[in-house]
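> Build me a model from this:
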Amino acid sequence: GVKTQIAAFEAECEQLRGENERKDQRLETMEVELKASSGNVTKNEELEAQVEQLKEELTKVYEKLASVAQMSVETELFEIENRTLVEENKKLTEENATLTEEISVLTEEKKQVQEQLEDSGRQLEQAVEAAALNTGRM
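Numbers count the residues shown, from 1 in each chain. Take a look at the predicted model:
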């Protein structure tokens with residue numbers, strides 16, 4: 001998951017830092033060689049070209065490190081947002097359970113009221129029939 005990505009980013013950062021240090025050391029060595037061989041123009045030109053190439057590579061390494069750091073920050077922000085949404089979801093689930101329980105209670109009450117209405121209706125019908133019978137006898 002996200003922690004694995006962060007660990008991979010951190011490992012990549014360490015690898016890039018090591019690479020960076022090796023290139024810095026190589027750059028220093030070349031600069032020393034360049035000064036030492038000031039009599040040899042061809043050697044100087046070769047070393048200058050290599051120094052420029054190393055500087056370009058170092059720039060790419062720094063850009064990659066910046067990119068990895070940015071991804072790490074974005075991943076952390078994503079995790080924070082995810083935790084917030086998980087908490088919100090938990091609260092909504094609890095509210096839903098409460099509402100479901102209330103609906104169940106109200107449904108049961110409605111059923112009881114309907115049964116009482118039906119009973120009252122039957123009693124009213126019986127009373128009307130009884131009244132009709134009593135009226136009919138008179």
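
> Show me how far the longest helix seen in the chain is from its chain's centre.
Among the segments of the chain that qualify as a helix by DSSP state H, the longest is helix 41-137. How far helix 41-137 lies from its chain's middle: 13 Å, per C-alpha atoms, centre = their mean, to the nearest Å.

> Where does the prediction get shaky in this protein?
Scanning the chain for pLDDT under 70 picks out 37-41, 138.

> repeat that with 80
Where the chain drops to pLDDT under 80, the residues are 34-44, 136-138.

> Can you pull up the most central residue in it?
residue 82 (3.8 Å; C-alpha atoms, centre = their mean).

> for the closest residue to it other than its chain neighbours, what are its contacts?
In this structure, residue 82 finds its nearest non-sequential neighbour in residue 2, 8.0 Å apart by C-beta to C-beta, 6 or more residues apart in numbering. Where C-beta positions appear, they are placed from N, C-alpha and C, glycine not excepted. For residue 2, the contact set (C-beta atoms under 8 Å, 6 or more residues apart in numbering) comprises 75, 78, 79, 82.

> Can you report how many residues neighbour the third one?
Going back to what we said before, that points to residue 79. Using other C-beta atoms under 10 Å, residue 79 is surrounded by 14 other residues.

> hmm, back to that, check which helices and strands the longest helix of the chain sits against.
On a contact count with 3 or more C-beta pairs under 8 Å, 6 or more residues apart in numbering; DSSP states H and E, helix 41-137 meets helix 2-36.

> buried sites along the helix it packs on?
9, 16, 20, 27, 30, 33, 34 (16 or more other C-beta atoms under 10 Å).

> Repeat that for stretch 51-64.
Result for stretch 51-64 [16+ other C-beta under 10 Å]: buried residues 51, 58, 61.

> Extract the C-alpha set from that stretch and format it as CSV.
The C-alpha coordinates for stretch 51-64 follow below in CSV (Å, rounded to 0.1, in the frame of the first residue of the first chain):
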residue,chain,number,x,y,z
VAL,A,51,33.1,17.2,-15.9
GLU,A,52,30.2,18.8,-17.9
GLN,A,53,28.6,15.4,-18.4
LEU,A,54,28.8,14.7,-14.7
LYS,A,55,27.4,18.1,-13.9
GLU,A,56,24.4,17.3,-16.2
GLU,A,57,24.0,13.8,-14.5
LEU,A,58,24.1,15.4,-11.0
THR,A,59,21.4,17.9,-12.1
LYS,A,60,19.2,15.0,-13.2
VAL,A,61,19.9,13.2,-9.8
TYR,A,62,18.9,16.4,-7.9
GLU,A,63,15.7,16.7,-10.0
LYS,A,64,14.9,13.1,-9.3
